[in-house]
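Asks: Starting from these lines, generate the structure:
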Amino acid sequence: MSAGSSRGQNPHGLKQIGLDQIWDDLKAGIEQVYRRQTMAKPRYMELYTHVYNYCTSVHQSQGRVSSAKSKKGGQPTGGAQFVGLELYRRLKEFLKNYLINLLKDGVDLMDEDVLHFYTKQWEDYQFSSKVLNGVCAYLNRHWVRRECDEGRKGIYEIYSLALVIWREHLFKPLNKQVTNAVLKLIERERNGETINTRLISGVIQCYVELGLNEDDLLAKGPTLTVYKDSFE
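Replies: Numbers count the residues shown, from 1 in each chain. Down below sits the predicted model:
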């Protein structure tokens, strides 16, 4: 009887996987991504599979319970919070801690030094976050999209989440000194000096990218909000 009951709860016989079972290895892989270490395709696929297995496992075991609640007028989540919320929270916490530690290396820099730091770290972070976004493709496609469709605020695709966290924990603390350094370079150029224009374009590209439209949580394109607020 218990075997029949078990099959009823998990008709496809999927292995039940808790987040703690996959998080240590997933986190180690994400750390490798953000250290910009070479990653072989099989290792990338292992990380992707961790996310996929966790999301589908929890969905199979919990989805019906939440769907039943939704039909009875309970929380209108359709099971989505069981698929990815805890994983989403851990990814968010990882990115936040990563940037808080990174900020320590740049908080006392000024002028061109802060621009070199900011543009280099931004390029690395942007690249790594796109890789992480690919690792979390299943989470984006199912849990994130479902949450957004149901009107949940403050939930983003993982790449957009990474931008939001950068904006809060690196852009805002360094914004004044970065912007001042850019304006000083522009002034030097106007006075006839030769400057490193790549530093200016790198900062502006970052500011434009950070102006994501938070009213459209799945928006892929940037807006100019941060750029305008910082320079105009």
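
Asks: Show the residue spans covered by the helices in this protein.
Replies: 2-9, 19-34, 41-71, 80-103, 111-135, 137-138, 145-149, 158-166, 172-190, 197-210, 225-231 (DSSP state H).

Asks: deepest of these, which one?
Replies: Across the helices of the chain, averaging neighbours per residue (mean count of other CB atoms under 10 Å) puts helix 158-166 on top, at a mean of 22. For glycine as for every other residue, the C-beta is placed from the backbone atoms N, C-alpha and C.

Asks: Could you check the angle that one makes with helix 172-190?
Replies: Per axes from the mean of the first three to the mean of the last three CA atoms, to 10 degrees, the angle that helix 158-166 makes with helix 172-190 is 80 degrees.

Asks: And for helix 158-166, what's in contact with it?
Replies: Helix 158-166 is touched from outside by 88, 91-92, 95-96, 99, 122, 125, 129-130, 132-133, 136, 139-140, 144, 156, 209-210, 212, 214, 217, 219, with contacts defined as CB atoms under 8 Å, 6 or more residues apart in numbering.

Asks: Just give me the lowest mean pLDDT stretch among the helices of the chain.
Replies: Per-stretch mean pLDDT for the helices of the chain is lowest at helix 2-9 (a mean of 43).

Asks: What score does Glu214 have for pLDDT?
Replies: 48.

Asks: Excluding chain neighbours, what is closest to Val203?
Replies: Spatially, and ignoring its direct neighbours in sequence, Val203 is nearest to Val182 (5.4 Å; CB to CB, 6 or more residues apart in numbering).
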